[in-house]
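*Asks:* A structural model of the following input is requested.
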Amino acid sequence: MTKDLFAPLSFGALNLKNRIAMAPMTRARNADGIPKEFNATYYAQRADAGLIITEGTAISDTAMGVLYIPGLYTPQQVAGWKKVTDAVHAEGSTIFTQLWHVGRVSHTSNQPKGQAPVGASDLRAANSFAWGYDAEGKEGFVPASQPRALATEEVSAVVQDFAHAAKNAVAAGFDGVELHGANGYLIEQFLNPHINNRSDQYGGSVANRSRFLLEAIDASIAAIGADKVAIRLTPYGGLHELPHYEEIEETYQYLATELSRRNIAYIHIMDQQSRGSFALPDGFLERFRSWYDGVLILAGGMDREKATALIEAGTIDIAAFGEVYIANPDLVDRLRNNWPVTPPNRALHYGLGMEGYLDWKTYQEQINH
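*Replies:* Next up is the predicted model:
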């Protein structure tokens, strides 16, 4: 098989038309949490990607830290997402949804009845922000609230929320799900010993701190099958106040080995350097590749040159592009032809308006305008 960015890739039950993925990006366009026709249009516009991974999607009403994000825990949400998956499949692309629980990176205004968010522990992410309502009821970035540590029996309930959302995803027509185990959210809060100070079976050793992640994976596999389950990870990341710890390498080697054994669809690694956090250390990706024998996706600071080199070397199988996909719905054509890319406008990334959502032009539309 040709190892080329634009060549097809088949694995499991999936047949991708190229090795380019659209990375998950929060767009906060759904006031009621239910995807609409305009969401279907947005994703279909970008279905030149071999794989689309949707914005983070809430697994329950307590999983959110951002207003206006879609969910996958009600029948209405499933019906809304069906419009999206149908539109993307009609364009010949594959679509996974990212299942999201933010844990402590939330605010009481994001929570039912204004309750405290839940986390691996009660340690607050005091310098991190959710998107919610301030004391005056004004919408915007608000400091993360004091969390409540999940009781041991509550952890298994959250595991089942992941499995329930995974089942709903398949009912909505998704080709699979990607658990959000990255960027300082709930799954990664369990992995990090500086945040996870638990004394039950979910705290302490590397295996114990990895238990929640693997239980969520196993429950999702039981619900929909291993070939439809994937995960995103950010080794060496520091977003939302996750300090580095001595056992980072040991933790991700353990996870790579355990996830290899489970034959999941893929692992999606993000290099957080592009988000103003830590870069992956030199050689880490190659070491991870030696530990994990499945399909590997990399996101973060990607361009055609970097993606091509990593794919040709066999270090990764798929290159994921994030923010650049917002302003360039025809990104694959732009990369293939070395056409210039339109810079995104971060002021329009979030919020309920349609400006900066459906109105980005393809390169051909720009030159013919």
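*Asks:* Residue 183: neighbour count?
*Replies:* 24 (other Cβ atoms under 10 Å). Every residue, glycine included, has its C-beta placed from N, CA and C.
*Asks:* Nearest residue to it in space, please, no chain neighbours.
*Replies:* residue 239 (4.7 Å; Cβ to Cβ, 6 or more residues apart in numbering).
*Asks:* what do you get for residue 176?
*Replies:* That would be residue 228: by Cβ to Cβ, 6+ apart, it lies 3.8 Å from residue 176.
*Asks:* what does residue 369 give?
*Replies:* residue 361 is the one closest to residue 369 (Cβ to Cβ, 6+ apart), at 7.0 Å.
*Asks:* What count of nearby residues applies to that neighbour?
*Replies:* So residue 361, with other Cβ under 10 Å, has 15 neighbours.
*Asks:* Kindly report the same for residue 57.
*Replies:* Count around residue 57 with other Cβ under 10 Å applied: 31.
*Asks:* Off-centre distance for whichever strand or helix holds it?
*Replies:* Assigned by DSSP states H and E, residue 57 falls within strand 51-58. Mean-position distance between strand 51-58 and its chain equals 6 Å (Cα atoms, centre = their mean, to the nearest Å).
*Asks:* The helix or strand harbouring residue 231 to strand 51-58, inter-axis angle?
*Replies:* Taking DSSP H and E as the criterion, residue 231 maps to strand 229-233. Interaxial angle of strand 229-233 relative to strand 51-58 (axes from the mean of the first three to the mean of the last three Cα atoms, to 10 degrees): 80 degrees.
*Asks:* Phi first, then psi, for residue 178.
*Replies:* Phi and psi for residue 178, reported as degrees, to the nearest 10, are phi -120, psi 110.
*Asks:* Could you give the number of residues near it?
*Replies:* Residue 178, neighbours per other Cβ under 10 Å, totals 31.
*Asks:* Identify the residues contacting it.
*Replies:* 24, 53, 96, 97, 98, 99, 230, 231, 232, 268 (Cβ atoms under 8 Å, 6 or more residues apart in numbering).
*Asks:* re earlier: just the pLDDT at the residue nearest to residue 183, thanks.
*Replies:* If you check residue 239, the pLDDT there is 92.
*Asks:* Could you do residue 1 as well?
*Replies:* At residue 1, pLDDT is 56.
*Asks:* could we number from 445 for the rest of this?
*Replies:* Noted, 445 is the first residue going forward, which turns the last one into residue 445.
*Asks:* And the residue nearest to residue 535 when sequence neighbours are not counted, how far from residue 766?
*Replies:* Closest residue to residue 535 apart from its sequence neighbours, by Cβ to Cβ, 6+ apart: residue 491 at 3.5 Å. Distance of residue 491 to residue 766, computed by Cβ to Cβ, to the nearest Å: 16 Å.
*Asks:* count of residues packed around the closest residue to residue 736 other than its chain neighbours?
*Replies:* Spatial nearest neighbour of residue 736, excluding adjacent residues (Cβ to Cβ, 6+ apart): residue 700 at 4.0 Å. A count of nearby residues for residue 700, using other Cβ under 10 Å, gives 22.
*Asks:* what angle do the helix or strand that contains residue 700 and strand 673-677 make?
*Replies:* Using DSSP H and E, residue 700 falls within helix 692-706. Relative orientation of helix 692-706 and strand 673-677, computed by the same axes, to 10 degrees: 170 degrees.
*Asks:* Report all helices and strands that the strand or helix carrying residue 651 contacts.
*Replies:* Assigned by DSSP H and E, residue 651 belongs to helix 650-668. Judged by 3 or more Cβ pairs under 8 Å, 6 or more residues apart in numbering; DSSP states H and E, helix 650-668 is in contact with helix 596-615, strand 620-625, helix 630-635, strand 673-677, helix 692-706.
*Asks:* Which residues does the fourth one contact?
*Replies:* Defining contact as Cβ under 8 Å, 6+ apart, one finds that strand 673-677 is touched by 468, 540, 542, 610, 620-626, 632, 657, 661, 664-665, 696, 699, 703, 708-714.
*Asks:* just the buried members of the residues you listed?
*Replies:* 468, 540, 542, 610, 620-626, 632, 657, 661, 664-665, 696, 699, 703, 708-714 (16 or more other Cβ atoms under 10 Å).
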